[in-house]
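J.: Pasting a predicted model and its sequence here:
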Amino acid sequence: MEQCKIKTMFTLSETIAADYFESAEYPWELLEGIADYIRKLGPTLDPEVYERQGEDIWIAKSAKIAPTAYLGGPLIIDEEAEVRHCAFIRGSAIVGKNAVVGNSVELKNVILFNRVQTPHYNYVGDSILGYRAHMGAGSITSNVKSDKTLVVVKDGSEEIATGRKKFGAMLGDCVEVGCNSVLNPGTVICPHTNIYPVSSVRGVVPANSIYKGKDDIVTKL
């Protein structure tokens with residue numbers, strides 16, 4: 001599954017957690033340690049740039065945080081990020097530079113690269129969203145299978161057992177997810193791919209493609 005590897009999926013210069021990504025081959029291997037990584041990184045951040053607020057929460061002074069947003073730690077919100085009204089960040093989250101966490105959006109155990117947009121009514125759990133990834137209004141990551149079994153990443157005949165019960169989606173750089181789409185547990189969308197609105201996606205979607213349905217995936221020209 002070469003296309004699912006970190007080196008293929010992400011521009012590591014576009015996250016404050018670049019060194020963390022260098023410790024793994026596949027991005028889902030990092031889900032288990034996000035909270036511990038934040039607790040390690042936070043105290044090293046420049047206090048001229050980041051302000052510590054509460055236990056294990058570091059927020060860039062240039063970030064815009066709505067007064068109605070809930071911020072749970074461990075958490076890092078990077079420079080110029082925007083967290084809008086009634087956002088619910090449950091913890092174990094890194095929000096990248098210039099990223100948007102919109103109204104009524106819920107985040108849990110996630111890494112959002114720089115300029116990621118989750119602007120309207122999104123749930124993003126146990127997931128990693130690459131540089132400039134965008135989730136349309138109402139699109140969500142479903143992070144637990146209905147039968148509660150462990151998640152397996154499937155790419156055609158290839159399979160990788162993750163050993164995780166909770167695993168949402170891995171979105172590569174510049175992925176566009178259409179409104180009201182559901183990304184089922186273990187979904188991997190490779191860079192520069194578009195997902196049609198109201199899609200139900202599972203498995204690996206190749207890079208530079210347009211997903212219209214499970215049997216209708218076309219390569220971008």
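T.: Good, I have the coordinates.
J.: top helix in the protein by residue count?
T.: Ranked by number of residues, the top helix in the chain under DSSP state H is helix 34-41.
J.: List of residues touching it?
T.: Identification of contacts with helix 34-41 by CB atoms under 8 Å, 6 or more residues apart in numbering yields 16-17, 20, 30, 56, 73-76, 91-94, 109-111. From N, CA and C alone the C-beta is placed, and that goes for glycine too.
J.: mind running it again at 7 Å?
T.: 17, 20, 56, 74-76, 92, 94, 109, 111 (CB atoms under 7 Å, 6 or more residues apart in numbering).
J.: got it, and stretch 202-210?
T.: The contact list for stretch 202-210 (CB under 7 Å, 6+ apart) reads 1, 3-4, 153-155, 172, 184, 186-194, 211, 217-220.
J.: List buried residues within those.
T.: 1, 4, 153-155, 172, 184, 186-191, 193-194, 211 (16 or more other CB atoms under 10 Å).
J.: So which of the residues you listed are in strands?
T.: Taking DSSP state E as the definition of strands, the buried ones among the contacts of stretch 202-210 contribute 153-155, 187-189, 194, 211.
J.: With pLDDT as extra columns, can I get those residues in JSON lines?
T.: Formatted as JSON lines, these follow (pLDDT from 0 to 100):
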{"residue": "V153", "pLDDT": "97"}
{"residue": "K154", "pLDDT": "96"}
{"residue": "D155", "pLDDT": "94"}
{"residue": "T187", "pLDDT": "98"}
{"residue": "V188", "pLDDT": "98"}
{"residue": "I189", "pLDDT": "98"}
{"residue": "N194", "pLDDT": "98"}
{"residue": "Y211", "pLDDT": "98"}
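J.: What is the nearest of those residues to S62?
T.: Distances from these to S62 were compared by CB to CB; the smallest belongs to I189, at 29.9 Å.
J.: Who does the closest one form a beta bridge with?
T.: L171, V205 (DSSP bridges).
J.: Give the full set of residues in contact with the closest residue to G172 other than its chain neighbours.
T.: Counting by CB to CB, 6 or more residues apart in numbering, P191 is the residue found nearest to G172 once chain neighbours are left out, at 3.5 Å. Listed by CB under 7 Å, 6+ apart, the contact partners of P191 are 9, 130, 172-175, 207.
J.: Please report phi then psi for A18.
T.: Note on A18: its backbone torsions stand at phi -50, psi -40 [degrees, to the nearest 10].
J.: Need the per-residue pLDDT for it.
T.: Looking at A18, its pLDDT reads 98.
J.: How about the one 10 residues further on?
T.: Per-residue pLDDT puts W28 at 98.
J.: Report the secondary structure state of it.
T.: Three-state secondary structure (criterion: DSSP: H, G, I helix; E, B strand; the rest coil) places W28 in helix.
J.: who's in contact with G102?
T.: Residues near G102 by CB under 7 Å, 6+ apart: 84, 87, 118-120.
J.: Regarding it, what is its secondary structure?
T.: When classified by three-state DSSP, G102 comes out as strand.
J.: From G172, how far off is it?
T.: Going from G102 to G172 by CB to CB, to the nearest Å gives 21 Å.
J.: Cheers, nothing more for now.
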